[in-house]
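1. quick one: sequence plus predicted model below, questions after.
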Amino acid sequence: MVRVGGDFYLTASSFNCTPGLPILHSKDLVNWKIIGHALKNLPHLRYAEVQAGCGVWAPSIRFHDGQFWIFFPTPDEGIYVTTAGKPAGPWTKPHLLKAGKGLIDPCPLWDDDGKAYLVHAYANSRAGIKDRLRVCPMAPDGSRLLGEGKIVFHQPDRHPIIEGPKFLKRGGWYYILAPAGGVETGWQVVLRSKNIFGPYEDKIVLEQGDTGINGPHQGALVDTEGGEWWFAHFQDAGLYGRIVHLQPVRWEDDWPIMGRHGHPVAQHAKPAADKRIAAPQTSDEFNLRQLGPQWQWQANHKKTWYALGRRKSWLRLYPQYARGETLACQPNLLLQKFPARSFTVETLLKFAPKQSGEEAGLVVAGRSCASLSIEKAGSGNRLMLRVNGSENIVQPDAPGMIRLRVNVDHRGLCSFSYAAVDGYIPIPETFQAEKGVWIGAKVGLYNIRRRKSKTTGHVDIDYLRFSSFQR
């Protein structure tokens with residue numbers, strides 16, 4: 001996260017999903033809207049296929065020399081940088097700053113003397129290292145690193161895993177904020193030194209304690225125009241993904257102490273700022289010239305997968321060839337994050353296939369998938385429920401125009417229903433949503449074909465609407 005004047009901008013890991021590196025804007029650190037993405041597609045051909053858990057890991061966003069910078073890693077390829085004059089873009093083509101497996105979580109710092117540096121961590125799964133942070137000198141224009149730098153922190157007995165470093169300089173101290181101990185059960189560490197290459201002393205400034213907020217770490221320390229300090233961090237919430245929390249910060253003896261005595265707070269007076277209410281986008285009526293910024297595909301996407309405006313205020317999806325038995329490996333699922341602990345989502349489809357095996361519908365996706373879909377079979381259509389590879393014919397003679405709905409309760413238990421004319425008809429079989437690889441479960445739309453013939457139809461979608469859970 002970065003503050004520029006009275007505006008805050010946030011980006012986050014997007015893994016294999018595209019467009020990647022979502023950019024969010026806020027005036028008060030509480031109310032946020034998605035304003036764009038910094039990455040259209042991932043910069044390697046392999047991401048044309050679903051690479052679950054790969055792609056963009058922890059990025060950092062900064063404002064320097066009149067432009068915005070995002071440094072981000074893909075753990076199998078290396079560290080990249082992209083820049084923009086405005087946070088909503090356009091962003092430059094990613095530049096490979098340093099190639100290498102297992103280089104993750106970069107963050108730059110431009111010092112008072114004009115010199116620049118980059119701190120990064122290592123991914124154990126690729127580099128065999130999980131407990132070290134390295135600082136490298138960097139060209140001020142972000143074009144290259146100037147040497148190998150130095151390992152500045154390595155204390156595996158105290159912090160057996162350390163990652164996600166963020167650079168800061170304040171009052172003559174260099175600070176590196178770094179989560180330690182792992183995603184689900186870890187804690188937040190602050191390192192400080194008078195020399196950028198150390199040695200650094202460390203202090204745990206936020207940990208779960210007796211609260212219900214597990215693994216509070218990996219975030220951003222920012223100040224407001226009024227001089228307040230705040231720390232935004234995530235909590236791993238399983239199938240609900242990584243939920244962002246905001247903690248008050250006070251400085252004691254040049255250490256930033258977070259929450260209440262170093263433990264997360266559940267409630268607190270928010271920063272005194274803008275009073276407008278905002279939230280990341282969810283429902284979409286498809287009445288704009290582009291998809292809403294809440295949508296992501298499961299891999300590098302193509303413009304030929306969809307169209308807007310072919311039918312006014314409808315989204316058209318063209319069927320892509322099915323890559324396997326499960327939808328989890330299908331690149332062209334159009335998905336978005338679960339927006340709440342419990343919710344209902346519904347959509348209206350007009351199915352216009354041209355060959356048997358075309359299929360379109362509503363899907364809940366993670367490590368496993370469930371879908372309620374309409375499929376062309378012979379001369380007619382049938383309504384199908386698919387759960388973890390099993391199939392159930394819900395209605396053997398289904399109309400081409402149909403409403404589909406899924407209720408998701410507070411446990412992530414999904415119940416599907418459908419309606420052709422009158423009220424919704426519930427389907428008895430339920431599905432327990434599961435998280436994906438490093439991300440939460442998602443919900444959305446799709447259209448596939450099970451034959452390689454290029455003569456295909458399409459599905460038109462009038463809307464996708466979220467609402468409170470409907471019993």
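-> The structure has been received and is ready for your questions.

2. quick one: the residue of the chain positioned farthest from its centre from Gln355, how far?
-> Distance to the chain centre peaks in the chain at Ser379, reaching 41.0 Å (criterion: C-alpha atoms, centre = their mean). Per C-beta to C-beta, to the nearest Å, Ser379 is found 12 Å from Gln355. Yep, even glycine has a C-beta here, placed from its N, CA and C like the rest.

3. go on, Ser467?
-> Counting by C-beta to C-beta, the gap from Ser467 to Gln355 is 35 Å.

4. give the contact list for Arg471.
-> Asn407 (C-beta atoms under 8 Å, 6 or more residues apart in numbering).

5. now the helices for the chain?
-> 124-127 (DSSP state H).

6. domain boundaries for it, per the record?
-> Listed domain ranges for the chain are 2-258, 303-467 (source: automatic domain parsing).

7. dump those to JSON lines, plus distance to Ala279 and mean pLDDT.
-> Formatted as JSON lines, these follow (distance: least, C-beta to C-beta, whole Å; pLDDT from 0 to 100):
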{"stretch": "domain 2-258", "distance to Ala279": "7", "mean pLDDT": "97"}
{"stretch": "domain 303-467", "distance to Ala279": "8", "mean pLDDT": "95"}
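
8. and those domains: which comes nearest Phe286?
-> Among the domains of the chain, domain 303-467 comes nearest to Phe286, with 4.2 Å by C-beta to C-beta.

9. for the nearest residue to Asp462 once chain neighbours are set aside, give its distance to Trp91.
-> The spatially closest residue to Asp462, leaving aside those adjacent along the chain, is Leu348, at 4.1 Å (C-beta to C-beta, 6 or more residues apart in numbering). Counting by C-beta to C-beta, the separation of Leu348 from Trp91 is 35 Å.

10. so Arg310 makes contact with Leu317?
-> No: checked against C-beta atoms under 8 Å, the pair Arg310 and Leu317 is beyond contact range at 10.7 Å.

11. more crowded one of those two?
-> Leu317 (20 against 11; other C-beta atoms under 10 Å).

12. Asp397: neighbouring residues, count only.
-> Residues contacting Asp397 under the criterion other C-beta under 10 Å number 9.

13. residues contacting it?
-> Gly380, Asn381, Arg382.

14. check the gap between the second one and Leu334 for me.
-> Think Asn381. Counting by C-beta to C-beta - Asn381 and Leu334 are separated by 21 Å.

15. again with Ile151
-> Look at Ile151 and Leu334: by C-beta to C-beta, they are 43 Å apart.

16. of these two, which one has the most company?
-> Leu334 (23 against 14).

17. who does the more buried one form a beta bridge with?
-> Note on Leu334: beta-bridge partners by DSSP bridges are Leu445.

18. from what I see, it and Val443 are in contact.
-> No: if you go by C-beta under 8 Å, Leu334 and Val443 don't touch, sitting 10.2 Å apart.

19. the stretch 51-200 of the chain: strands as residue ranges?
-> For the stretch 51-200 of the chain, strands defined by DSSP state E, counting those that start in this stretch occupy the ranges 60-64, 67-74, 78-84, 95-99, 103-110, 116-122, 133-138, 150-153, 166-170, 173-180, 187-193.

20. dump those strands into a markdown table; add distance to Arg341 as well.
-> Formatted as a markdown table, those follow (distance: least, C-beta to C-beta, whole Å):
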| stretch | distance to Arg341 |
| --- | --- |
| strand 60-64 | 28 |
| strand 67-74 | 29 |
| strand 78-84 | 34 |
| strand 95-99 | 39 |
| strand 103-110 | 29 |
| strand 116-122 | 31 |
| strand 133-138 | 35 |
| strand 150-153 | 37 |
| strand 166-170 | 29 |
| strand 173-180 | 24 |
| strand 187-193 | 25 |
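
21. quick check: which of the ones you listed is nearest to Ala370?
-> strand 67-74 (29.6 Å).

22. burial check on the spatially closest residue to Trp314 that is not a sequence neighbour, number of neighbours?
-> Closest residue to Trp314 apart from its sequence neighbours, by C-beta to C-beta, 6+ apart: Asp460 at 4.5 Å. Residues lying near Asp460 (other C-beta under 10 Å) number 19.

23. one more: Asn388?
-> Other residues near Asn388 come to 13 when the count uses other C-beta under 10 Å.

24. same question, the one 10 residues further on
-> Other residues near Ala398 come to 22 when the count uses other C-beta under 10 Å.

25. list the contacts of it.
-> So Ala398 contacts Ile374, Gly380, Asn381, Arg382, Leu383, Ala420 (C-beta under 8 Å, 6+ apart).

26. next one: Ala38
-> Thr11, Gly20, Leu21, Ile23, Ile70, Thr82, Ala84, Gly89, Trp91.

27. Lys93 reaches Thr83, doesn't it?
-> No: at 10.1 Å, Lys93 and Thr83 do not qualify as touching, with contact defined as C-beta under 8 Å.

28. more neighbours: which of those two?
-> More crowded of Lys93 and Thr83, by other C-beta under 10 Å: Thr83, with 18 against 10.

29. wait, Pro137 touches Trp110, no?
-> No: shown here, Pro137 and Trp110 do not form a contact pair, counting by C-beta under 8 Å, at 11.7 Å.
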